[in-house]
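Visitor: Quick one: sequence plus predicted model below, questions after.
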Amino acid sequence: MKSFPLAAPALSSPSGRPRRSAYAGLVLLLALPACSDPEPEFFDLPADPIPCEFQYRDVCLHLSYAVARRFSESITIDTSLDDDCARPPLVAEGSPYCIVAGTTLEIPADVTVRAIGTRPLVLLASQTITIDGTLDVSSSREVVIPPQAAEAIGAGGGTYKGCQSFRRAPEGRPAGGGAGAGGTFAALGGAGGDGNYEDIPARDLGGLTPFDPEPAPTLLRPGCRGQDGAGAALGARGGRGGPAGGAVYVAAKAGITINGTIAANGAGGMGGGAQAGGGGGGSGGMISLEAPTVARNGKLFANGGGGGEGGIFAAGEVLGESGADGRQDTMFAAGGASALPGKGGDGGARSRPGGEDGTFTNEAGAGGGGGIGVIRVLGATTLGPAAVESPAVTVN
């Protein structure tokens, strides 16, 4: 037996600033054995290999050491930081996931657990998981304008390297830039609109999505970011493509009950600057639920974001409107649409899975909407009368 230190975890406040919590059980802690060691921050772990007990075989953790955990207040977890997640030796060095675990895990009503950062979020329980509040790994735009405004990236939603390449990059010339295509995951994103549309020889083509979606991924993964729009005159930059919805895996050995909400929506693409193309909307992300029984009585969403509108130059720079973030219902997120000529494509949702194409204009093109993500259940499941889900759920 080898002795390892146990550091108190640093959690994030709803504002995103790190803080200490009086309830350290919001992330994985271990039940400490009774001992006479005057240093209580040390404990023993077996030298056995780290168990991988669920269907995703790269999710591995010493789950037998967990204790019951209840999220008593709303928090933001940064999955990029080890302090917010289980750390070695509980997990392997370089774990690709932020894992939070317990014998039981509970998110009460009126409590929101938000996860941002570079890694997908994983919740594991040796018994049951109950979500009466909100678990959110969506990406979002923090500010509607200017074109390069801040964005909040849902767990893993901005860093996934496995996305297929866009078939065409948008073209940019002074007369009007082409727009970015929407992100693709379970359904295709929309194509980016062309800029300078009426001048056919010099038309600036918009971006094109990959050929094929991935409706049945075998690994836990987030969605794909929308494509950036092309720049244009006077150094105006194209709108940034929206980040994709993140990924969350909720797995329990006895059962899962969802009475609240789990969301993994993509963000809207940014509007373009003067005569610059709008950005494509981010695709929805991935929600995966695994247990012998999964009771779906709440809301599950992995919708795409809307595409950004192209900008114009009219006695000065007029910015295009950004697309809306993916919605927490079955309707599509609207593409950017102000009084300017072009309209961004709407994001994908249950009512229309693929992202809508952005429109062509005489100045800048508008971004395509992001496609839907994936919601998957591994195990027997029931659907309650109050359940609302978008897109449709894949079982097993």
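Guide: Good, I have the coordinates.
Visitor: Stretch 58-74 spans what distance, first to last residue?
Guide: Counting by CA to CA, to the nearest Å, you get 29 Å between the two ends of stretch 58-74.
Visitor: I'd like the average pLDDT over that stretch.
Guide: Mean pLDDT, stretch 58-74: 92.
Visitor: Check which residues of that stretch are buried.
Guide: In terms of neighbour count (16 or more other CB atoms under 10 Å), stretch 58-74 has its buried residues at 59-63, 65-66, 69, 71, 73. (C-beta placed from N, C-alpha, C; glycine too.)
Visitor: swap in stretch 116-133?
Guide: 116-126, 128-133.
Visitor: Those residues in helices, which ones?
Guide: Among the buried residues of stretch 116-133, no member is found in helices (DSSP state H).
Visitor: what number of residues lie near the closest residue to Ser390 other than its chain neighbours?
Guide: Nearest non-adjacent residue to Ser390, counting by CB to CB, 6 or more residues apart in numbering: Arg350, 3.7 Å away. By other CB atoms under 10 Å, the residues close to Arg350 number 18.
Visitor: and Ile258, what is it in contact with?
Guide: Counting by CB atoms under 8 Å, 6 or more residues apart in numbering, Ile258 touches 131, 289, 294-298, 300.
Visitor: Leaving out chain neighbours, which residue sits closest to it?
Guide: In this structure, Ile258 finds its nearest non-sequential neighbour in Gly298, 4.3 Å apart by CB to CB, 6+ apart.
Visitor: Surely that neighbour touches Thr261?
Guide: Yes - using CB atoms under 8 Å, Gly298 makes contact with Thr261 at a distance of 5.8 Å.
Visitor: anything in contact with each of these two?
Guide: With CB under 8 Å, 6+ apart, Gly298 and Thr261 have common neighbours Ile131.
Visitor: For the buried residues of stretch 58-74, work out which two are farthest apart.
Guide: Spanning the widest gap among those are Cys60 and Glu73, at 29.3 Å by CB to CB.
Visitor: In this structure, where is pLDDT below threshold?
Guide: 1-48, 142-150, 197-202, 233-234, 315-316, 340 (pLDDT under 70).
Visitor: Give me the phi and psi for Ser288.
Guide: Here is the backbone geometry of Ser288 (degrees, to the nearest 10): phi -130, psi 130.
Visitor: measure it to Ser95 for me?
Guide: Separation of Ser288 from Ser95 (CB to CB, to the nearest Å): 17 Å.
Visitor: got it, and Gly373?
Guide: Computed as CB to CB, the Gly373 to Ser95 distance reads 23 Å.
Visitor: More neighbours: these two, which one.
Guide: Ranked by neighbour count (other CB under 10 Å), Gly373 and Ser95 place Gly373 first, with 38 against 21.
Visitor: which SS state does the nearest residue to that one once chain neighbours are set aside fall under?
Guide: Once flanking residues are discounted, Gly373 sits nearest to Gly284: 2.7 Å by CB to CB, 6+ apart. Under DSSP: H, G, I helix; E, B strand; the rest coil, the three-state class of Gly284 is coil.
Visitor: phi, psi of Gly284?
Guide: phi -70, psi 160.
Visitor: who's in contact with it?
Guide: Residues near Gly284 by CB under 8 Å, 6+ apart: 185-186, 223, 244-245, 264-266, 301-304, 326, 348, 370-374, 391.
Visitor: and the gap between it and Leu123?
Guide: Relative to Leu123, Gly284 is positioned 19 Å away (CB to CB).
Visitor: What of Gly207?
Guide: Gly207 sits 36 Å away from Leu123, going by CB to CB.
Visitor: same check, this time on Val374
Guide: Distance, Val374 to Leu123, by CB to CB: 17 Å.
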